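Novice: Here is a sequence together with a model predicted from it:
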Amino acid sequence: MRDARADIRLGAFEEVLRVEGRYVNDHCLYRHEGRWHFYGIVGPLGRGCYDAGSEVSFAHATSRDLRVWKVAEDVLVVDRTGPDGAHVFAPHVIGRDNRFYMFYTGVDEHRRQRLCVATSEDLYAWRRSEANPVIVPSLSWAKWPGHEGEPANAIGNCRDPHVMWLPEGRYAAYWVAEMSRRYGDDMSCVAASVSDDLEHWEEVGPIFAKRCWSKPPTRSVESPCVVIRDDGYWLFFKHGWATHYVHGDGPFDFRDCQSTPLGYAHAAEVFAWHDRWYITHCSGDPDDPEYRSSNRTRGLFLGELDWPAGKAPRLKG
């Protein structure tokens, strides 16, 4: 396999948020009434995601300008019961009808990952849905513990939601999972589901697949982020050392696309504000893509994209 580092051009990232004594991992940014809200995975410096006491709540911070942040109280602290009783991963927030929905990965005591949702009226207090988990991959294509020869104690992969409103009038949830062996050895994918109300979901299934990376830090396709631009859809995701992208004509038209490395950025969120395109990075130093020394020690980083209309995006740097 070709070394993905050969395609990486480091961008100029600035660390804009640190949470004292903890690292930041997968996260989201949501803007409401002139204020940015950050929610993100946190854990003790240098600890693993499944360690006791690690990644058991989401950090919350607010900012007017994306660079000066005020840290608030953590949200969605695990309660040791239910589908998110052990850990919580990868939040994503969207609003509808004066209510806010936070989709996230719930991890239970058996390390099964399933998508859950919580709601809020003010972006500070969140209430878990009694319907959790709301998205679980279909056994017709997904690798799952105890199914098709998989060990019963294997990790069930279904995580990293990204939810958006589509111009056609529905919501789309993008998430990642590993695929069963009938699709080949070590295949992972971005899958999608659709909803009219953010509460009831119908699975679309895999929309982009890629063979798992054989080395750390990122084995599977992870951290999808979809952006509408130039009358098309751009799917960003992490794989190996790099964040990659593919371009499609519709929200689920990525199956036959070849991905292009954008550059090193972990769990990136891509978004526009004031006619400028931004990209985030987290967890480790931007000049340490192999996570040799800084993995799970750093906070939230902010960079910019050079993305003229009609062209592909590039990291500024």
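Specialist: Perfect, I can see it now.

Novice: Could you check how far the spatially most distant residue from the centre of the chain is from Ser140?
Specialist: Relative to the C-alpha centroid of the chain, counting by CA atoms, centre = their mean, Gly149 is the outermost residue, at 28.3 Å. Gly149 sits 16 Å away from Ser140, taking CB to CB, to the nearest Å as the criterion. Just so you know, the C-beta spots here come from the backbone N, C-alpha and C atoms, and that holds for glycine as well.

Novice: Nearest spatial neighbour of the residue farthest from the centre of the chain, chain-adjacent residues omitted?
Specialist: The shortest distance from Gly149 to any non-neighbouring residue, by CB to CB, 6 or more residues apart in numbering, is to Arg181 (7.6 Å).

Novice: Got phi/psi on that neighbour?
Specialist: Backbone dihedrals for Arg181, given as degrees, to the nearest 10, come out at phi -70, psi -20.

Novice: burial of it, as a residue count?
Specialist: 13 (other CB atoms under 10 Å).

Novice: Is it correct that Arg182 falls within a strand?
Specialist: No. Arg182: not assigned to a strand; according to DSSP: H, G, I helix; E, B strand; the rest coil it is helix.

Novice: So it versus Trp141, what's the distance?
Specialist: Applying CB to CB to Arg182 and Trp141 gives a distance of 8 Å.

Novice: these two touch, right, Cys257 and His247?
Specialist: Yes. Contact criterion CB atoms under 8 Å: Cys257 and His247 qualify, at 6.8 Å.

Novice: Those two: who's more crowded?
Specialist: Set side by side, Cys257 and His247 show more neighbours around His247, with 18 against 14, by other CB under 10 Å.

Novice: partners of the strand or helix carrying Val246 in the sheet?
Specialist: Element membership of Val246, judged by DSSP states H and E, is strand 242-248. Within its sheet, strand 242-248 is paired with strand 232-239 (antiparallel), strand 260-263 (antiparallel), according to DSSP bridges.

Novice: For the longest one, which outside residues touch it?
Specialist: Think strand 232-239. Contacts to strand 232-239, defined as CB atoms under 8 Å, 6 or more residues apart in numbering, come from residues 4, 174, 176, 190, 207-208, 210, 213, 218, 220-228, 243-251, 253-254, 259, 262, 265-268, 270, 313.

Novice: can you do 6 Å?
Specialist: Outside strand 232-239, the residues that touch it by CB atoms under 6 Å, 6 or more residues apart in numbering are 213, 218, 221-227, 243-249, 251, 254, 270.

Novice: Mind giving me the ChimeraX command for buried ones among those residues?
Specialist: Filtering the contacts of strand 232-239 down to the buried ones (16 or more other CB atoms under 10 Å) takes a single ChimeraX command:
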select :213,218,221,222,223,224,225,226,227,243,244,245,246,247,248,251,254,270
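
Novice: Nearest the middle, which residue of the protein would you pick?
Specialist: Nearest to the mean C-alpha position of the chain, by CA atoms, centre = their mean, lies Ser223 at 3.3 Å.

Novice: Over to that residue. Which of the three states is it?
Specialist: Of the three states, Ser223 takes strand under three-state DSSP.

Novice: Just give me the neighbour total for Trp273.
Specialist: Using other CB under 10 Å, Trp273 has 12 other residues around it.

Novice: same question but for Ala90, I mixed them up
Specialist: Neighbour count of Ala90, defined by other CB under 10 Å: 28.

Novice: Now for it: which residues touch it?
Specialist: Ala90 is in contact with Asp26, Thr105, Arg159, Asp160, counting by CB under 6 Å, 6+ apart.

Novice: circling back: Arg182 and Trp141: who's more crowded?
Specialist: Comparing Arg182 with Trp141 by other CB under 10 Å, the one with more neighbours is Trp141, at 19 against 10.

Novice: Over to that one: give its phi and psi.
Specialist: When read as degrees, to the nearest 10, the backbone of Trp141 gives phi -140, psi -20.

Novice: Buried ones in stretch 229-236, by neighbour count?
Specialist: Tyr233, Trp234, Leu235, Phe236.

Novice: scratch that, stretch 13-26
Specialist: Residues of stretch 13-26 classed as buried by neighbour count (16+ other CB under 10 Å): Phe13, Val16, Leu17, Val19, Arg22, Tyr23, Val24, Asn25, Asp26.

Novice: Much appreciated, bye for now.
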